[in-house]
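Student: just a sequence and a predicted model for now, questions to come.
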Amino acid sequence: MAYIILVILIILGVLCLLATVIYNRLVKSANEYKRSLAQIDVQLKRRYDLIPNLVESARGYLTHESETLEAVIKARNVASQLRQDSLGEPGGAEAFGRLMAADSTLTGLLGRLMMVSEQYPQLKADGTIADLMVELNNTENQISGARSMYNNAVKDYNQTIELFPNILFSGLFGFKRATSWALQDQAEAAPVRFSLANKP
């Protein structure tokens, strides 16, 4: 009888040790992808903070493009709000999916604004606008790098929760799959470029 109790205690001890090791591994992996997501968030916030300054600086030159400017600001406000919403559910599919779609829309509108800007040499000569475009270019590079790091961290995390024996405990401990930053098309894989071509 004592032998059976000893065996049961040893088995329980091994299971507790295994559960602890797996839990710590899952927490470490989850923290990695959340840290990477925080880097994207920092750069998105920076981007969303720069856009109103760019629009206001360009407004005086783009008097006939008020629709484009308003569309950029509206898309920026929507994306900024969805960014806030997604902070409550890091890597969650629903909120994160809405943020990705809104950010993709904003990126397209910014590209359109840059195309329109090319038709206004005075705008391109404005030092404030030139500085803001340089800042946006730098931010886009940071977003692209952070997005790549995040996707790699999510891939590692999702594999970690699905591997055996982790999968036996991941659901029990409340670990769910995280969502990658999906790109709408291949063009989005590269950072947006705000051109100052032909600047006088």
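Tutor: Alright, I've got the coordinates.

Student: now the helices: where do they sit in this structure?
Tutor: 2-59, 66-87, 93-117, 121-125, 127-162, 166-170 (DSSP state H).

Student: what are the buried residues along the helix or strand of the chain with the lowest mean pLDDT?
Tutor: Ranking every helix and strand in the chain by mean pLDDT, DSSP states H and E puts helix 121-125 at the bottom, with a mean of 76. Using 16 or more other CB atoms under 10 Å as the test for burial, helix 121-125 gives 123-124. C-beta coordinates here come from the backbone N, C-alpha and C atoms, glycine included.

Student: next one: it to chain centre, how far?
Tutor: Between the centre of helix 121-125 and the centre of its chain there are 32 Å (CA atoms, centre = their mean, to the nearest Å).

Student: contacts only, for the residue nearest to the spatial centre of the chain.
Tutor: The chain has Ile40 as the residue nearest its centroid, 4.2 Å off, counting by CA atoms, centre = their mean. Contacts for Ile40 (CB atoms under 8 Å, 6 or more residues apart in numbering) come out as 143, 146-147, 150, 181.

Student: now swap in Ile4 and tell me
Tutor: Contacts of Ile4 by CB under 8 Å, 6+ apart: none found.

Student: just the mean pLDDT for stretch 134-153, thanks.
Tutor: Average pLDDT, stretch 134-153: 89.

Student: and what of stretch 177-185?
Tutor: The average pLDDT for stretch 177-185 rounds to 74.

Student: over to stretch 42-56?
Tutor: For stretch 42-56, mean pLDDT is 90.

Student: quick one: buried residues of that stretch?
Tutor: For stretch 42-56, burial by neighbour count (16+ other CB under 10 Å) applies to 43-44, 47-48, 50-51, 54-55.

Student: what's the local residue count around Leu172?
Tutor: Using other CB atoms under 10 Å, Leu172 has 11 other residues around it.

Student: and the residue nearest to Ser170 when sequence neighbours are not counted, what does it touch?
Tutor: In this structure, Ser170 finds its nearest non-sequential neighbour in Ile161, 4.0 Å apart by CB to CB, 6 or more residues apart in numbering. Going by CB under 8 Å, 6+ apart, Ile161 touches 26, 29, 167, 170, 175-177.

Student: mind doing that once more with 10 Å?
Tutor: Counting by CB atoms under 10 Å, 6 or more residues apart in numbering, Ile161 makes contact with 22, 25-26, 29-30, 167, 169-171, 173, 175-178.

Student: dump the residues you listed into CSV; add neighbour count and distance to Tyr3 as well.
Tutor: Listed next are the contacts of Ile161 as CSV, based on neighbours: other CB atoms under 10 Å; distance: CB to CB, whole Å:
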residue, neighbour count, distance to Tyr3
Ile22, 22, 29
Arg25, 16, 33
Leu26, 19, 35
Ser29, 22, 39
Ala30, 21, 40
Ile167, 14, 33
Phe169, 19, 29
Ser170, 22, 34
Gly171, 10, 34
Phe173, 14, 33
Phe175, 21, 37
Lys176, 13, 41
Arg177, 14, 43
Ala178, 23, 46
